[in-house]
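Q: everything below, folded, please.
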Amino acid sequence: MLRSFGRIVILLALCSACGGTTSHTTRPRASRDMITHEQLRERGFPNAFESVEVLHRNWLLTRGPDNMAATGAVQVYLDSRRLGNVNTLRNIPTQDVAYIRYYDGVAAAGRWGAGHEQGVILVATFQGTPGTVRP
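A: Here you go, the predicted model:
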């Protein structure tokens, strides 16, 4: 019994010596549904369309006829305002973009309702994002 207790103590000491915490110097993993302001700034994309085209081209695609409920096109929102299809992303400069987020068809229809079954690309600006301080 005492021998087992000693092994546990040694194991705990080794674990605590290894750090046991995550490093804050490493970058967060790239998200499949989000493009951050830092990614936009690092790459120097001039507009939202080019950033999506390079980083997440699949967001721009209309899903095929295998889903009868999925009609129309991927919709784009700027903050809370509906702009239209993905071509409207070309008119959004990236300097004021806080993030760009993709919602798949199910999530988009649940949030915005009918007509969003192909998905939504939401572009949030610093001015339109509550609680976000512009750098």
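
Q: only C-alpha atoms for contact and neighbour calcs from this point on.
A: OK.

Q: the helices in the chain, which residues?
A: Ranges of helices within the chain are 2-17, 37-43, 48-55, 105-112, based on DSSP state H.

Q: all strands for this structure, in order.
A: 34-36, 75-78, 81-84, 97-103, 120-125 (DSSP state E).

Q: can I get those strands in TSV with distance to V52?
A: What follows is the strands of the chain, written out as TSV (distance: least, Cα to Cα, whole Å):
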stretch	distance to V52
strand 34-36	8
strand 75-78	12
strand 81-84	16
strand 97-103	8
strand 120-125	9
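
Q: circling back to that earlier point, comparing the helices of the chain, which yields the minimum mean pLDDT?
A: Of all the helices of the chain, the minimum mean pLDDT falls on helix 2-17 (a mean of 57).

Q: looking at the strands of the chain, spot the one closest to P46.
A: The closest of the strands of the chain to P46 is strand 97-103. By Cα to Cα, the value is 11.0 Å.

Q: just name whatever secondary elements the closest one is in contact with.
A: strand 34-36, helix 37-43, strand 120-125 (3 or more Cα pairs under 8 Å, 6 or more residues apart in numbering; DSSP states H and E).

Q: okay if I get these as a markdown table plus distance to A114?
A: Output for the helices and strands packed on strand 97-103, formatted as a markdown table (distance: least, Cα to Cα, whole Å):
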| stretch | distance to A114 |
| --- | --- |
| strand 34-36 | 23 |
| helix 37-43 | 30 |
| strand 120-125 | 12 |
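
Q: no further questions, thank you.
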